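Novice: okay, sequence plus prediction incoming.
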Amino acid sequence: MNRQRPVESLPPFEFLNPNKAWVVQETDNLLQQWRDWLAAAKSFPDSPEYDSNRETEALRHGRDKHNQHEILREKTLVFLRNNFIGFEFIVHNYRDHPHESNISALTQKIPVWIHRLEMLQAGIDYARVPDGFWVEQGKKLVTSIAKSGPEKAAEIATSYLKNPLAIVE
């Protein structure tokens, strides 16, 4: 019996937010929050209320730690939904919300989120950007050229043609 899921096409990975620099910075910030959360989780003692005969590993460190984890997870998912199209490739193995095991301990779930954000970072330079981003880049180019003499304007234009993301001012 073949239990593989049918192969489905994922949408292209692209920015919804034209402020690419801010999105990249916030992605980095979220990744650091997850790394800090993992470091903290490794030192959590078992909750005195935890009963392994009645509860899953998810509650090993107590309901409050579980709730903190849910908040960071939802914050991450809201950020992804509001700033990217096609981010689903990082949660593809867990299609349904909350996109993680609901029985695993925090120290097993958190590294999965770290890996997901690292995958997102790896693809971010290749993500499509909205037209608004290019409009802003064009405005920067025109402003830079307008403030320059002919030689500097030629240098700016040459730099832009080589790499539109690195406008020399």
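Specialist: Sure thing, it's come through.
Novice: and the residue of the chain most remote from its centre, what pLDDT?
Specialist: When each C-alpha in the chain is compared with the mean C-alpha position (CA atoms, centre = their mean), Pro150 comes out farthest, at 41.5 Å. According to the prediction, Pro150 has pLDDT 82.
Novice: equivalent analysis for Ala58, please.
Specialist: Residue-level confidence at Ala58 comes out at 77, pLDDT.
Novice: what about it, neighbour count?
Specialist: Other residues lying near Ala58 total 19 when counted by other CB atoms under 10 Å. The C-beta positions use only the backbone N, C-alpha and C, and glycine is treated the same way.
Novice: can you tell me the closest non-neighbouring residue to it?
Specialist: Taking CB to CB, 6 or more residues apart in numbering, and ignoring the residues beside it in sequence, Ala58 has Ile103 as its nearest neighbour in space, at 5.6 Å.
Novice: my read: the one you found touches Arg60, true?
Specialist: No: no contact is recorded between Ile103 and Arg60 when judged using CB atoms under 8 Å, the distance being 10.5 Å.
Novice: who touches both of those two?
Specialist: Common neighbours of Ile103 and Arg60 are not found (criterion: CB atoms under 8 Å, 6 or more residues apart in numbering).
Novice: helices of this protein, residue ranges please.
Specialist: Counting by DSSP state H, the chain has helices at residues 20-41, 63-83, 106-124, 131-146, 150-162.
Novice: deepest of these, which one?
Specialist: The highest mean neighbour count among the helices of the chain, using mean count of other CB atoms under 10 Å, belongs to helix 106-124: a mean of 17.
Novice: show me what that one is packed up against.
Specialist: Using 3 or more CB pairs under 8 Å, 6 or more residues apart in numbering; DSSP states H and E as the contact test, the elements touching helix 106-124 are helix 20-41, helix 63-83.
Novice: so which of those helices is nearest Ser9?
Specialist: helix 63-83 (19.1 Å; CB to CB).
Novice: compare Ile103 and Arg60 (neighbour count), which wins?
Specialist: Arg60 (19 against 12).
Novice: ok, the more buried one touching Ser47?
Specialist: Yes: under the criterion of CB under 8 Å, Arg60 lies in contact with Ser47, with a separation of 6.8 Å.
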